[in-house]
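Chemist: Got a sequence here, can you model it:
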Amino acid sequence: MIDFRYHLVSIVAIFLALALGIILGSTTLSQSVTKGLQRQTSSLAKSNDELRRTQARLEAQREGDENFARTMGPQIVADRLKGQSLVFVETPGASNDSIEQLSGLAKSAGATVTGRVTIQKKFLDDNQMATVDELAGQLKPGEMAFPSGAGTYEKAGAVLASAIVTEDPASTGREDATSAAVLSGFRQAGYVTTSGKPGQHATLAVMVAPSSLYAYEGGDADSKALLALAAALDGAGSGTVLGGPSTAAQEGGLIAALRDSDAGKSVSSQDTVDTASGQVVTILALQNELNGKSGRYGTGSGVNGYLPSPVPAAGGNG
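Modeler: Predicted coordinates:
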């Protein structure tokens with residue numbers, strides 16, 4: 001007869017067998033999982049090493065390309081803007097380095113740099129719109145007529161553009177009383193600052209976009225105000241290029257806004273102006289503007305290519 005002790009021993013034996021099975025099974029599974037993870041880790045390590053080597057090669061190539069563009073740029077652009085003059089318009093948040101480097105390259109291209117107009121944040125302040133509108137009306141040249149329905153910044157842009165650019169190369173090199181009054185009025189109001197002699201009426205203009213996005217309430221309105229000025233510069237002179245870094249071509253950036261607007265059909269854009277090669281392309285874009293051609297250049301969305309195609313011939317500046 002089977003007694004209680006037999007049952008107890010049997011139950012204990014069953015549980016011991018189960019425990020042993022779990023231990024052996026988990027050990028085998030653990031070893032299998034560990035080996036799998038080791039293989040994945042080894043594969044990922046190899047992939048990471050290859051990616052690092054690829055990144056190093058690309059970085060070396062990029063540095064080489066930039067060094068080439070920086071060294072050969074003056075020769076590439078030589079005489080492409082001969083007989084022309086150029087004014088820079090700096091937006092709030094734009095890179096001063098880009099302007100300085102572009103200025104030197106423009107001189108190598110044969111252009112005279114008249115000066116710089118720096119737009120102040122106050123000019124874009126919503127609370128200043130009535131004053132900006134009134135000032136534009138007061139400073140408007142006698143022969144200028146605003147289009148019907150023109151907004152505040154269309155008017156202000158037209159007045160400012162008339163003071164710093166012209167289509168006639170023969171009209172450059174001197175500042176008349178009207179342009180002096182316009183620039184003085186906008187300076188005294190705190191809307192712009194100037195350096196050099198931008199009132200000498202350049203034939204071409206480069207507006208430099210901000211490095212950061214206008215990512216705040218009212219940012220779209222600020223972009224539209226600056227684009228109104230860009231369009232006015234293009235209309236009053238022989239051509240305008242809006243240049244900026246790649247961030248300016250992202251959603252919310254000034255270059256992206258230009259490319260989505262009607263002004264983008266006539267104002268050229270370049271979204272790598274913070275690089276040596278992008279600065280060379282900006283000069284080529286200005287040359288194309290002289291020949292009546294506008295384009296979208298760089299690496300952002302909707303570009304025609306990194307540079308104009310075909311590249312304009314040296315000295316073919318219209």
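
Chemist: shaky segments in the protein?
Modeler: Residue ranges of the chain with pLDDT under 70: 1-33, 37, 59, 61-63, 65, 68-69, 214-218, 315-318.

Chemist: How many neighbouring residues does residue 137 have?
Modeler: For residue 137, the count of nearby residues is 12 (other Cβ atoms under 10 Å). All C-beta atoms are positioned from the backbone trio N, CA, C, and that covers glycine.

Chemist: which residues touch the closest residue to it other than its chain neighbours?
Modeler: Nearest residue to residue 137, sequence neighbours excluded (Cβ to Cβ, 6 or more residues apart in numbering): residue 155, at 7.1 Å. Neighbouring residues of residue 155 by Cβ atoms under 8 Å, 6 or more residues apart in numbering: 133, 136-137, 140, 146.

Chemist: ok, residue 155 to residue 178 distance?
Modeler: 16 Å (Cβ to Cβ, to the nearest Å).

Chemist: now do residue 128
Modeler: Taking Cβ to Cβ, one finds residue 128 at 23 Å from residue 178.

Chemist: Neighbouring strands of the top strand by length along the chain in the sheet, and parallel or not?
Modeler: The longest strand of the chain (DSSP state E) is strand 112-119. Using DSSP bridges, strand 112-119 pairs in its sheet with strand 85-90 (parallel), strand 192-196 (antiparallel).

Chemist: now it, how far from the centre of its chain.
Modeler: Strand 112-119 has its C-alpha centroid displaced from the chain centroid by 19 Å (Cα atoms, centre = their mean, to the nearest Å).

Chemist: Give the buried residues for that strand.
Modeler: For strand 112-119, the neighbour count (16 or more other Cβ atoms under 10 Å) marks 112-119 as buried.

Chemist: would you list these in JSON lines and tack on distance to residue 186?
Modeler: Shown next, in JSON lines, are the buried residues of strand 112-119 (distance: Cβ to Cβ, whole Å):
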{"residue": "112", "distance to residue 186": "23"}
{"residue": "113", "distance to residue 186": "20"}
{"residue": "114", "distance to residue 186": "16"}
{"residue": "115", "distance to residue 186": "14"}
{"residue": "116", "distance to residue 186": "14"}
{"residue": "117", "distance to residue 186": "8"}
{"residue": "118", "distance to residue 186": "11"}
{"residue": "119", "distance to residue 186": "9"}
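
Chemist: Burial-wise, tell me which of the strands paired with strand 112-119 comes out on top.
Modeler: strand 85-90 (a mean of 26; mean count of other Cβ atoms under 10 Å).

Chemist: For it, which outside residues touch it?
Modeler: Outside strand 85-90, the residues touching it (Cβ under 8 Å, 6+ apart) are 96, 99, 102-103, 106, 111-119, 164-165, 169, 172-173, 198, 200-208, 229-230, 233, 286.

Chemist: among these, which are in strands?
Modeler: Per DSSP E, the contacts of strand 85-90 map to strands at 112-119, 204-208.

Chemist: hmm, back to that, mark which of the contacts of strand 85-90 are buried, thanks.
Modeler: 99, 102-103, 106, 111-119, 164-165, 172, 198, 200-208, 229-230, 233, 286.

Chemist: quick one, helices of the chain?
Modeler: All helices of the chain, identified by DSSP state H, fall at 4-77, 96-108, 121-124, 129-139, 152-164, 177-188, 219-236, 254-259, 276-290.

Chemist: how close does residue 89 sit to residue 42?
Modeler: 56 Å.

Chemist: That should have said residue 248, apologies.
Modeler: Taking Cβ to Cβ, one finds residue 248 at 43 Å from residue 42.

Chemist: Compare these two (neighbour count), which wins?
Modeler: Each of residue 248 and residue 42 has its neighbours counted (other Cβ under 10 Å); residue 248 has more, 32 against 10.

Chemist: Check the contact between the more buried one and residue 257; I expect there is one.
Modeler: No. With contacts defined as Cβ atoms under 8 Å, residue 248 does not count as touching residue 257, sitting 9.1 Å away.

Chemist: next one: stretch 41-57 to chain centre, how far?
Modeler: That offset, for stretch 41-57, works out to 31 Å (Cα atoms, centre = their mean).

Chemist: again with stretch 250-258
Modeler: On Cα atoms, centre = their mean, the centre of stretch 250-258 falls 8 Å from the chain's centre.

Chemist: Please apply the same query to stretch 76-87.
Modeler: 22 Å.

Chemist: So for that stretch, what gets flagged as buried?
Modeler: Buried residues in stretch 76-87 (16+ other Cβ under 10 Å): 76-77, 80-81, 84-87.

Chemist: Pull the CA coordinates from it and hand them back as PDB.
Modeler: Provided in PDB are the C-alpha atoms of stretch 76-87 (Å, rounded to 0.1, in the frame of the first residue of the first chain):
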ATOM      1  CA  ILE A  76      36.600  81.300 -62.000                       C
ATOM      2  CA  VAL A  77      34.600  84.500 -61.600                       C
ATOM      3  CA  ALA A  78      37.100  86.900 -63.000                       C
ATOM      4  CA  ASP A  79      35.500  89.600 -65.200                       C
ATOM      5  CA  ARG A  80      32.000  88.000 -65.000                       C
ATOM      6  CA  LEU A  81      30.600  91.200 -63.500                       C
ATOM      7  CA  LYS A  82      32.900  93.600 -65.100                       C
ATOM      8  CA  GLY A  83      31.500  97.100 -65.300                       C
ATOM      9  CA  GLN A  84      28.700  96.300 -62.800                       C
ATOM     10  CA  SER A  85      28.200  97.400 -59.200                       C
ATOM     11  CA  LEU A  86      26.700  95.500 -56.300                       C
ATOM     12  CA  VAL A  87      24.900  96.400 -53.100                       C
END
